[in-house]
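S.K.: can you look at this prediction? I've put the sequence above it.
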Amino acid sequence: MLTAHTLLIAGCLFFGAILYTSVGHAGASAYIAIMTLFDLPPVVIKPTALTLNIFVSSYASLRYIKSNLFHRSLFFYLSLGSIPAAYIGGHINLPSHIYKPIIGVLLLLSGVRFLVQAMQTEKVTQPVNIALAIFIGACIGLLSGITGTGGGIFLSPLIIWLGWVSVKQASGTVAAFIFVNSVAGLLGNIHSVSSLPHQLPIFLVAVLLGAFIGTRFGISRFSPNAVKRALGFVLLIAGAKFLFA
């Protein structure tokens, strides 16, 4: 049964998906913030965010890969470390007061950095350090499993800062990374699927429509500097969410 409350949540999820998919993210941190704001039970939030992430990131990654905005080898090395770590992280439930402030500050600093970088020229890409890529994948995979996100908010600023990909190419690489992490994280906490809400089909339609619009902006409308500005904005929102939600 459709209610005003459900439609309002779906509308917020729709706009969150537009913003996040425009930079190759799936939006889990936004979905978590929205569901928290609307007082959904905590037991529902993590599996719902991961489920929405799986659908959105699968669609977004296909769109970006089709547009050749994807770094195949970097994705492989990152996933090599992240998939088992995300599965392990899905089993872990740390007290939020431990990791939320640290992550929130890091994301806010990353967001500010991207807004500053938007006024600068893009860096020349550098060769991928394989060992470092696997290590980064493992660290972010573990973090994504614990937090119930796909890890994109942590990965994007890092691989762009390291110069491994262009800003645009990061979008497709990160979207695919989010997909495999979200699947692994949900499998690591598979019993939580029983807590998925009955409104899930409506939420899925909302975020997929948002992803359709957001990926169009990210692929064909945004310049690299516009992507940096959008990504900076996304990171500031995510950081504020971790600090104050």
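M.R.: Cool, got the structure.
S.K.: every contact and neighbour count from this point should use C-alpha atoms.
M.R.: Noted.
S.K.: number of residues surrounding Phe242?
M.R.: The local packing of Phe242 (other CA atoms under 10 Å) involves 24 other residues.
S.K.: buried set for whichever strand or helix holds it?
M.R.: Here Phe242 sits within helix 224-244, counting by DSSP states H and E. By neighbour count with 16 or more other CA atoms under 10 Å, helix 224-244 contains the buried residues 224-243.
S.K.: report the angle between the least confident helix or strand in the chain by mean pLDDT and helix 224-244.
M.R.: Within the chain, no helix or strand scores below helix 96-117, which has a mean of 74 by mean pLDDT, DSSP states H and E. Here helix 96-117 runs at an angle of 160 degrees relative to helix 224-244 (axes from the mean of the first three to the mean of the last three CA atoms, to 10 degrees).
S.K.: what is the helix or strand that helix 96-117 is followed by packed up against?
M.R.: Sequence order places helix 130-147 as the next helix or strand after helix 96-117, per DSSP H and E. Contacts defined by 3 or more CA pairs under 8 Å, 6 or more residues apart in numbering; DSSP states H and E place helix 130-147 against helix 72-90, helix 167-187.
S.K.: let's see that with 6 Å instead.
M.R.: Contact here means 3 or more CA pairs under 6 Å, 6 or more residues apart in numbering; DSSP states H and E; on that basis helix 130-147 packs against helix 72-90.
S.K.: off-centre distance for the longest helix along the chain?
M.R.: As assigned by DSSP state H, the longest helix anywhere in the chain is helix 42-66. How far helix 42-66 lies from its chain's middle: 8 Å, per CA atoms, centre = their mean, to the nearest Å.
S.K.: how near is the closest residue to Val43 other than its chain neighbours to Asn129?
M.R.: What sits nearest to Val43 in space, not counting adjacent residues and going by CA to CA, 6 or more residues apart in numbering, is Ser195, at 6.6 Å. As judged by CA to CA, to the nearest Å, Ser195 and Asn129 stand 40 Å apart.
S.K.: tell me which of these two has more neighbours.
M.R.: Ser195 (15 against 12).
S.K.: pLDDT at that one, what is it?
M.R.: At Ser195, the predicted lDDT confidence score is 80.
S.K.: start at 621 instead
M.R.: That works, and once the first residue is 621, the last one we named lands at Ser815.
S.K.: hang on, it packs against Ile665?
M.R.: No - between Ser815 and Ile665 there is no contact under CA atoms under 6 Å: 8.8 Å.
S.K.: so where's the protein shaky on pLDDT?
M.R.: Along the chain, segments meeting pLDDT under 70 span 621, 714, 716, 719, 737-743, 865.
S.K.: so what does the longest helix of the chain touch, helix or strand wise?
M.R.: So helix 662-686, by 3+ CA pairs under 6 Å, 6+ apart, packs with helix 648-657, helix 787-807.
S.K.: so for that helix, what gets flagged as buried?
M.R.: 664-685.
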